[in-house]
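1. how would this look folded up:
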Amino acid sequence: MAVEYRQDRQKAIWTAIAIGAAIGIAYAASRKRTNPFAVAKRVTRKMVEDGGDLAETGRSIVERVGIIYEEAQKVMEDAAELWNAGRKLLRRAA
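-> Below you'll find the model as predicted:
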């Protein structure tokens with residue numbers, strides 16, 4: 001009786017292992033394989049399709065950078081004027 005119980009238990013374990021292996025193999029076989037070239041091709045296609053949006057966004061970024069540069073230039077000019085005014089005051093005080 002104990003021998004039969006052990007054999008049934010071993011059969012159940014091996015059956016579970018076989019089912020698990022079959023599920024794992026089926027899952028691995030069903031996965032879509034992608035290579036880097038296919039991914040790059042897909043990204044390039046998407047960029048071409050959305051090219052108008054990309055160009056508009058790039059133009060907007062360049063305009064904003066230009067505004068920031070102009071404002072920074074004004075701040076530097078003001079700082080230079082203040083520096084010179086401070087130096088003149090120090091010369092007079094000395």
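2. alpha carbons only for contacts and neighbour counts from here, please
-> Noted.
3. would you map the helices across the protein?
-> With helices called from DSSP state H, the chain shows them at 2-30, 36-49, 51-93.
4. run the chain-centre distance for the last one.
-> Relative to the mean C-alpha coordinate of its chain, helix 51-93 is positioned 31 Å out (CA atoms, centre = their mean, to the nearest Å).
5. now the shortest one
-> Relative to its parent chain, helix 36-49 has a centroid offset of 16 Å by CA atoms, centre = their mean.
6. do you know how far the spatially most central residue of the chain is from Ile67?
-> The residue lying closest to the centre of the chain (CA atoms, centre = their mean) is Val43, at 13.4 Å. Counting by CA to CA, to the nearest Å, the separation of Val43 from Ile67 is 32 Å.
7. same check, this time on Lys46
-> Taking CA to CA, one finds Lys46 at 30 Å from Ile67.
8. likewise Ile19?
-> For Ile19 relative to Ile67 (CA to CA), the value is 65 Å.
9. now do Pro36
-> Distance, Pro36 to Ile67, by CA to CA: 39 Å.
10. and Ala93, by the same measure?
-> As defined by CA to CA, Ala93 lies at a distance of 39 Å from Ile67.
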